[in-house]
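Asks: Kindly generate the corresponding structure for this input.
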Amino acid sequence: MKRVSMQDIADKLGLSKGTVSLVLSGKAKGSRVSEETSKKVIQMAEEMNYQPNEIARSLSTGKSMSIGVVVTDISNEFFGNLTFHIQEQAKKYGYTVITSNTNESLEEFRNAIATLLNKQVDGIILVPVDEGQEMVLKIMKRNLPMVQIDRYYPGIKANYIIIDNYKVSRNVIEVLIGKGLRRIAVVCYDINLNALTERRQGYIDALTHHKLLDTALIKNINYENQEEEIKQAIIDLKNNPDKVDAIFFCSRKVFITGVKYMHREGIKIPEQMEVVCFDEIDSFSITNMPITYIKQPIRQMGEKAVDILMEQMSGSGDVNEYVFDAEIEYSI
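Replies: The predicted structure follows:
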């Protein structure tokens, strides 16, 4: 079927194409187009099933009215919620969101960025992956607005929004020590990005300060083989000759997999081992398991990322570096 154009609507109503364009672009107010004419144009557009030509509009305005969002694992509740809040905030500015997933893969990160650049998005919000600096520099070379979120590349002067991973991780270990726990393990992805390295370092520094650090209790997990390695880490901690009092899981996905194998190994929580999850999980509200968790301000992070992107699109040259605090909370 032939696509309905503004000219078709104009011909039906005996109006000029310019008048129809003013109405359908939302610019009729303040012009000489009457309210009655505007209503007729809108009604006819609906009757004829008019769909705006986004490609033509982007060519004429220089904007696609879309932004790209690149996350590492959309199946992860954290990134799913983060993307949702980004989308909701983008709607307020009249923008749509194109989301890509990288699975912590540098190759997939490169492909995602290249695809978004080819689609001529007006800006990009991204979660960095290890060794992905070249793609961020490529975005910056094009003068395309960009915000890093959850993590950032320290050597690049660019916008980012993160939480203070080190402070809250050190604080939560201090909470466990304050409860009398001494043998505290950490299970964390072995990825060289500041969000994860700072969580691990907060753990190390808190235990070192109290002369309680045992490096055998640091379990670094390869992302690509995480299921098997988390399982083995739980078995090793269970069989440690000196009883382990608690485990700090430094991401929600590691926590979910870790707790699954704790149950399979018959480890009672919290009677035999306490657990800490870096992030809140919806299912906490329906479990009877007492869990210490770190709550991140996901909504504020997503909304602020969009706000910064829009400021950049409006010509701001400021580099914004936002560091939010996270809270230590308890499931029951």
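Asks: need the helices for the stretch 51-200 of the chain, in chain order.
Replies: Per DSSP state H, counting those that start in this stretch, the stretch 51-200 of the chain carries helices over the ranges 54-61, 77-92, 106-118, 133-141, 165-178, 194-209.
Asks: Would you mind putting the ones you listed into CSV with distance to F248, mean neighbour count and mean pLDDT alongside?
Replies: Every C-beta, even on glycine, is put in place using the N, C-alpha and C of the backbone. What follows is those, written out as CSV (distance: least, C-beta to C-beta, whole Å; neighbours: other C-beta atoms under 10 Å; pLDDT from 0 to 100):
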stretch, distance to F248, mean neighbour count, mean pLDDT
helix 54-61, 47, 12, 53
helix 77-92, 17, 18, 95
helix 106-118, 27, 17, 95
helix 133-141, 29, 15, 96
helix 165-178, 7, 19, 98
helix 194-209, 6, 20, 97
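Asks: wait, which of the ones you listed is closest to V186?
Replies: Smallest distance to V186 across these (C-beta to C-beta): 4.7 Å, for helix 194-209.
Asks: quick one, the closest one and helix 165-178 angle?
Replies: Orientation check (axes from the mean of the first three to the mean of the last three C-alpha atoms, to 10 degrees): helix 194-209 against helix 165-178 gives 40 degrees.
Asks: Going forward, the N-terminal residue is numbered 38.
Replies: With the count now opening at 38, the last piece we talked about shows up as helix 231-246.
Asks: List the strands paired with the helix or strand that comes right after helix 231-246, with their directions.
Replies: Counting by DSSP states H and E, the next helix or strand C-terminal to helix 231-246 is strand 255-258. For strand 255-258, sheet partners with direction are given as strand 221-226 (parallel), following DSSP bridges.
Asks: Using CSV, lay out the helices of the stretch 88-237 of the chain together with distance to K54.
Replies: Output for the helices of the stretch 88-237 of the chain, formatted as CSV (distance: least, C-beta to C-beta, whole Å):
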stretch, distance to K54
helix 91-98, 13
helix 114-129, 29
helix 143-155, 31
helix 170-178, 37
helix 202-215, 55
helix 231-246, 52
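Asks: can you list the domains in the chain?
Replies: When the chain is parsed with automatic domain parsing, its domains come out as 43-89, 100-200+335-361, 202-332.
Asks: The helices of the stretch 88-237 of the chain: which one's closest to T294?
Replies: Scanning the helices of the stretch 88-237 of the chain with C-beta to C-beta as the criterion, the closest one proves to be helix 114-129, at 13.5 Å.
Asks: leaving aside the residues next to it on the chain, what's closest to L346?
Replies: The shortest distance from L346 to any non-neighbouring residue, by C-beta to C-beta, 6 or more residues apart in numbering, is to G160 (4.4 Å).
Asks: one step back: lowest-confidence stretch among the domains of the chain?
Replies: Here the lowest mean pLDDT among the domains of the chain goes to domain 43-89, at a mean of 86.
Asks: so which of the helices of the stretch 88-237 of the chain comes closest to D45?
Replies: With C-beta to C-beta as the criterion, D45 lies closest to helix 91-98 of those, at 14.4 Å.
Asks: can you tell which of the helices of the stretch 88-237 of the chain is closest to P307?
Replies: Each of the helices of the stretch 88-237 of the chain has some distance to P307 by C-beta to C-beta; the shortest is helix 202-215, at 10.8 Å.
Asks: Next one: P182 from K194, what distance?
Replies: P182 sits 14 Å away from K194, taking C-beta to C-beta, to the nearest Å as the criterion.
Asks: Show me which of those two is the more surrounded one.
Replies: More neighbours sit around P182 than around the other of P182 and K194, counting by other C-beta atoms under 10 Å; the figures are 23 against 9.
Asks: Contacts only, for the more buried one.
Replies: P182 makes contact with 159-161, 346, 349-350, according to C-beta atoms under 8 Å, 6 or more residues apart in numbering.
Asks: ok, now S75?
Replies: With contacts defined as C-beta under 8 Å, 6+ apart, the neighbours of S75 are 60, 65.
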